[in-house]
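Undergrad: Provide a 3D model corresponding to the input given below.
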Amino acid sequence: MPKAATQPRKKSIYGVHPGVAMTQKWIAELKQKTGRSLDEWLRLIKKAGPKDEKARREWLKTEHGLGTNSAWWLAERAEGKGSEVSDPDAYLQAAEGYVEAMFSGGKADLRPIYDALLKTGLKVGKDAKACPCQTIVPLYRKHVFAQIKPTTRTRIDMGFALGDMKPQGRLIDTGGFAKKDRITHRIPITSLDDIDDEVNHWLKVAYDRDA
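TA: Residues are numbered from 1 along each chain as shown. As a prediction, the model looks like this:
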């Protein structure tokens, strides 16, 4: 099977999530590790596997010895789903949909605040990128250094990866350091006025820590 492209063809304000490259690597090594390529697994699933996606996952684990993650993803791909985790362009299309869904309905009024936070986060450094997930928008350098999360209908939490730093000013300890989470501190944002020098400062500190 030809190796999937690692770079997207389309331009987007967002960057491709690092998980896409990891999945591409997994696909490239699938034949060597399991004896079948992705296309061969998909043909086998459709020809000999159960018709139900859940049953296919169990079949792949019990009959073919695949791990849970591999079985889950192959069963999903056999249904024509999940391409966004291995294809850069599909991911970027999905990412835009994630953001639209995050800031729809009761959280629609938060969209201008999100747009301003995103712009602020991306300006912190030339290699900063935003890689939306379904409920949060992490900001990456080498790792996640910050995170935009619409927590309630009236508040976005701007999260920062600051290690065991003592909270200062408006910083709130998330308990993340004790739990070994990347995001360890947050500042609640309820209006555009809350995106001030303090937010910019901690974004720069978190970005620099990930050098």
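Undergrad: Give the full set of residues in contact with the residue nearest the centre of the chain.
TA: Nearest residue to the geometric centre of the chain (CA atoms, centre = their mean): Cys133, 4.0 Å. By CB atoms under 8 Å, 6 or more residues apart in numbering, Cys133 lies in contact with 17, 98. Bear in mind the C-beta positions are built from the backbone N, C-alpha and C, glycine included.
Undergrad: Relative to Ile136, how far out is Glu53?
TA: Separation of Glu53 from Ile136 (CB to CB, to the nearest Å): 26 Å.
Undergrad: Summarise which helices and strands whichever helix in the chain runs longest is packed against.
TA: Longest helix in the chain, counting residues (DSSP state H): helix 18-34. In terms of contacts (3 or more CB pairs under 8 Å, 6 or more residues apart in numbering; DSSP states H and E), helix 18-34 is packed against helix 38-48, helix 68-78.
Undergrad: which of these sits most buried?
TA: helix 68-78 (a mean of 18; mean count of other CB atoms under 10 Å).
Undergrad: ok so, going back, any idea how far the longest helix of the chain is from the chain center?
TA: 17 Å (CA atoms, centre = their mean, to the nearest Å).
Undergrad: what does it contact?
TA: 1, 3-4, 6, 36-38, 40-41, 64, 66, 70, 73, 85-88, 91, 131, 140.
Undergrad: Selection in PyMOL covering whichever of the residues you listed are buried, please.
TA: Typed into PyMOL, the line below selects the buried ones among the contacts of helix 18-34, using 16 or more other CB atoms under 10 Å:
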select buried, resi 4+38+41+64+66+70+73+85+86+87+88+91+131+140
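Undergrad: Keep only those of the contacts of helix 18-34 that are in strands.
TA: Among the contacts of helix 18-34, the residues falling in strands (DSSP state E) are Tyr140.
Undergrad: what's the neighbour count on the nearest residue to Ala128 once chain neighbours are set aside?
TA: Take Ala128 and drop its neighbours on the chain: the residue closest to it by CB to CB, 6 or more residues apart in numbering is Leu122, 5.4 Å away. For Leu122, the neighbour count with other CB atoms under 10 Å is 17.
Undergrad: so how far is Ala90 from the residue nearest to the centre of the chain?
TA: In terms of CB to CB, Cys133 sits 15 Å off from Ala90.
Undergrad: same deal with Ser191?
TA: 35 Å.
Undergrad: of these two, who's got more company?
TA: Ala90 (15 against 12).
Undergrad: Okay, now the unreliable bits of the protein?
TA: 1-10 (pLDDT under 70).
Undergrad: Starting from the top strand by length along it, tell me which strands it pairs with and how they run.
TA: Taking DSSP E as the criterion, the chain has its longest strand at strand 144-150. Looking at strand 144-150 with DSSP bridges, its partner strands are strand 137-140 (antiparallel), strand 156-160 (antiparallel).
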